[in-house]
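Asker: Everything below, folded, please.
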Amino acid sequence: MSAVGRLRDLWVGWATRLRGEFLLVLLARLANVGAGTALVILTARHLGPSGRGEIVLAFTIAWATTSVASLGTSTSGRIGLLRPDSTVTAHDVVSLTAALVPLQLLLSTVVVAVLSVVSFHWSPSFIIAIVALSVATMVFHSAVCLMYGLRRYGEVLIAEGILAVLQIGFLAGLFWSDRLTATSAVAAMAIGPILGAVWLVGRSGGLHRTGVPWGRSNWRTLVVDGLSPMAGDISLFLALRLNRLVVAVYAGTHSLGLFTVALAVPETLRVLPKAVGQVVADRARSGIDPIAVARRHTRVFVVGHGLVLAAAAAAGWVLLPAIFGEGFADARDVLVLMTAAEFVLVIHLMHQALLVGFGRLKGIGLPQVVGAVVMVVLDLVMIPVWGMRGAAWACLLGFGALAAVSTGWTNRELRRIG
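Answerer: Numbering: from 1, shown residues only. Just a heads-up that it's a prediction; the model follows:
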């Protein structure tokens, strides 16, 4: 058989195995990206780089506090639900998430208040909007992970689709009524996730009590199993999002707005590796795919995604000023660097999917911790000197370190399985 024939058979086999589940997860994530893209375009053109930078800070804080307050239970809960021999139920996950909501409320309030006093001097209404967004982000993320643990991808797709329509409608209404500000945009983006989380939890059956009241019998298991994923989430936040805060502090929200618009193309395409990784992990966790097959899926995807990123960088260079406005033209060289960095990051994301899929939870956190330490050092050294371009080079170098450690550690963990 020719090399072309072998590649064709490999591709057909890969697509056949993953096509159905992958498309459901991908479409759900695309709906989320659609709403996010509408937010980026409308706010960038209407509010300019500075206004866009303030909104980015709000989302950065929301994800930072979610990484801590959830205690990694969204990941441990999903894996517990997928594992055939587990006693974890949907009610366990829902009740524990509800118990952690006050922690998220307190944590986000403290973080926003401190940042406002020290650096940004936000209005009370903007502070309230950020706290609301932080709580909404945590509960919706937990609800989505719950449904993925039950492998009910279709219902996540419905929720994400309705949520996208609502959020785009809110933003369009604010724009046409000339009420679109950083505060109103953040508040609008908090409403939909709360409604989506309520609907998903209701559909999951997690509100029905079984066994010990409030499902506390498995809370300890979920928290203990979530410690390593939590370390990974916090580390991944430091690796992916800390640069936004550092850019804002040292270079201002104007530079942050330019930097995040340059991230729009590669971060939008991140929906693809996340969707593929989700399905690869779930199929492995459910015992459908052995290690060799799962590895093959990830390798084929990395090569294909590299080609997609290259084409996207070329298109973004041409179209970025036209879409976001000439004021964002300076972001084009950062776009090229960040697209290269994104390709390196995809290698890490695929290895994380393998670790989750084959239940090596204790191996999730270490590569991300090492990568986060490298990224923090690079951000603090390079951004104060070179601004947003320093942030882009820090990402490229830091993601390289993250991918290298992740590759070695994943190989080590999977060899232990056999």
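Asker: ok, Ala172 - contacts?
Answerer: Contacts here follow C-beta atoms under 8 Å, 6 or more residues apart in numbering; on that basis Ala172 touches Ala38, Leu42. For the C-beta atoms, the positions are set from N, CA and C on the backbone; glycine is no exception.
Asker: element containing Ser76?
Answerer: Under DSSP states H and E, the secondary-structure element containing Ser76 is helix 73-82.
Asker: From the contact counts, what lies against whichever helix or strand comes after that helix?
Answerer: On the C-terminal side of helix 73-82, the closest following helix or strand by DSSP H and E is helix 90-115. In this structure, helix 90-115 makes packing contacts with helix 3-69, helix 73-82, helix 124-149, helix 182-204, helix 219-240, judged by 3 or more C-beta pairs under 8 Å, 6 or more residues apart in numbering; DSSP states H and E.
Asker: circling back: and the angle for the helix holding Ser76 with helix 90-115?
Answerer: Note on geometry: by axes from the mean of the first three to the mean of the last three C-alpha atoms, to 10 degrees, helix 73-82 and helix 90-115 are set 170 degrees apart in direction.
Asker: By mean pLDDT, flag the weakest helix or strand of the protein.
Answerer: Here the helix or strand of the chain ranked lowest by mean pLDDT, DSSP states H and E is helix 3-69, holding a mean of 72.
Asker: Just give me the neighbour total for Leu355.
Answerer: As a burial measure, Leu355 scores 25 neighbours (other C-beta atoms under 10 Å).
Asker: Would you mind measuring from it to Met388?
Answerer: 32 Å (C-beta to C-beta, to the nearest Å).
Asker: And for Ala275?
Answerer: 29 Å.
Asker: Likewise for His305?
Answerer: His305 sits at a distance of 25 Å from Met388 (criterion: C-beta to C-beta).
Asker: more neighbours, those two?
Answerer: Legend: neighbour count by other C-beta under 10 Å for His305 and Met388, higher for Met388 (25 against 21).
Asker: Which helix or strand contains that one?
Answerer: helix 365-417.
Asker: Counting by contacts, list what that helix packs against.
Answerer: The helices and strands touching helix 365-417, judged by 3+ C-beta pairs under 8 Å, 6+ apart, are helix 219-240, helix 242-262, helix 291-324, helix 332-357.
Asker: which residues sit against the shortest one?
Answerer: In this structure, residues lying in contact with helix 242-262 by C-beta under 8 Å, 6+ apart are 40, 44, 48-54, 56-57, 60, 119-120, 320, 324, 328, 330-332, 334-335, 338, 375-376, 379-380, 383-384, 387-388, 391-392, 394-395.
Asker: Drop anything exposed from the residues you listed.
Answerer: Among the contacts of helix 242-262, those scoring as buried are 40, 44, 48-49, 51-54, 56-57, 60, 320, 324, 328, 330-332, 334-335, 338, 375-376, 379, 383, 387-388, 391-392, 394-395 (criterion: 16 or more other C-beta atoms under 10 Å).
Asker: so what's Pro367 closest to, chain neighbours aside?
Answerer: Ser406 (4.0 Å; C-beta to C-beta, 6 or more residues apart in numbering).
Asker: Surely that neighbour touches Val344?
Answerer: No - taking C-beta atoms under 8 Å as the contact criterion, Ser406 and Val344 are not neighbours in contact, 10.3 Å apart.
Asker: how close does Gly316 sit to Val334?
Answerer: Taking C-beta to C-beta as the measure, Gly316 falls 11 Å from Val334.
Asker: quick one, phi/psi of Ser86?
Answerer: The main-chain torsion angles of Ser86 are listed as degrees, to the nearest 10 and equal phi -80, psi 150.
Asker: Leaving out sequence neighbours, find the closest residue to it.
Answerer: In space, not counting the residues next to it along the chain, Ser86 is nearest to Gly80; the distance is 4.6 Å by C-beta to C-beta, 6+ apart.
Asker: For the closest residue to Ser70 other than its chain neighbours, grab the count of nearby residues.
Answerer: Of all residues not flanking Ser70 in the chain, Met138 sits nearest, at 5.8 Å (C-beta to C-beta, 6+ apart). The criterion is other C-beta under 10 Å. On that basis, Met138 has 29 neighbouring residues.
Asker: From Ser108, how far out is Met138?
Answerer: Plainly put, Met138 is 9 Å away from Ser108 if you go by C-beta to C-beta.
Asker: anything in contact with each of the two?
Answerer: Both Met138 and Ser108 are in contact with Ala62, Thr65, Ala69, where contact means C-beta under 8 Å, 6+ apart.
Asker: what distance separates the start and the end of stretch 359-367?
Answerer: This stretch, stretch 359-367, spans 16 Å end to end (C-alpha to C-alpha, to the nearest Å).
Asker: Kindly report the same for stretch 109-126.
Answerer: Using C-alpha to C-alpha, the two ends of stretch 109-126 sit 12 Å apart.
Asker: in that stretch, what's buried?
Answerer: Judged by neighbour count using 16+ other C-beta under 10 Å, the buried positions of stretch 109-126 are Thr109, Val111, Val112, Leu115, Ser116, Trp122, Phe126.
Asker: chain center to that stretch: distance?
Answerer: Its chain's C-alpha centre and that of stretch 109-126 lie 24 Å apart, by C-alpha atoms, centre = their mean, to the nearest Å.
Asker: And the average pLDDT for that stretch is what?
Answerer: For stretch 109-126, the mean per-residue pLDDT is 90.
Asker: Repeat that for stretch 150-169.
Answerer: For stretch 150-169, mean pLDDT rounds to 84.
Asker: C-alpha coordinates for it, PDB please?
Answerer: Extracted C-alpha coordinates of stretch 150-169, given in PDB (Å, rounded to 0.1, in the frame of the first residue of the first chain):
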ATOM      1  CA  LEU A 150     -22.600  11.700  32.000                       C
ATOM      2  CA  ARG A 151     -21.600  11.700  28.300                       C
ATOM      3  CA  ARG A 152     -24.700  13.800  27.500                       C
ATOM      4  CA  TYR A 153     -23.000  15.900  24.900                       C
ATOM      5  CA  GLY A 154     -26.200  16.800  23.100                       C
ATOM      6  CA  GLU A 155     -27.700  18.700  26.000                       C
ATOM      7  CA  VAL A 156     -24.500  20.700  26.400                       C
ATOM      8  CA  LEU A 157     -24.800  21.600  22.800                       C
ATOM      9  CA  ILE A 158     -28.400  22.800  23.300                       C
ATOM     10  CA  ALA A 159     -27.400  24.900  26.400                       C
ATOM     11  CA  GLU A 160     -24.400  26.400  24.600                       C
ATOM     12  CA  GLY A 161     -26.400  27.200  21.600                       C
ATOM     13  CA  ILE A 162     -29.200  29.000  23.500                       C
ATOM     14  CA  LEU A 163     -26.600  30.700  25.700                       C
ATOM     15  CA  ALA A 164     -24.800  32.100  22.600                       C
ATOM     16  CA  VAL A 165     -28.000  33.400  21.100                       C
ATOM     17  CA  LEU A 166     -29.000  35.100  24.400                       C
ATOM     18  CA  GLN A 167     -25.600  36.700  24.900                       C
ATOM     19  CA  ILE A 168     -25.300  37.900  21.300                       C
ATOM     20  CA  GLY A 169     -28.800  39.300  21.700                       C
END
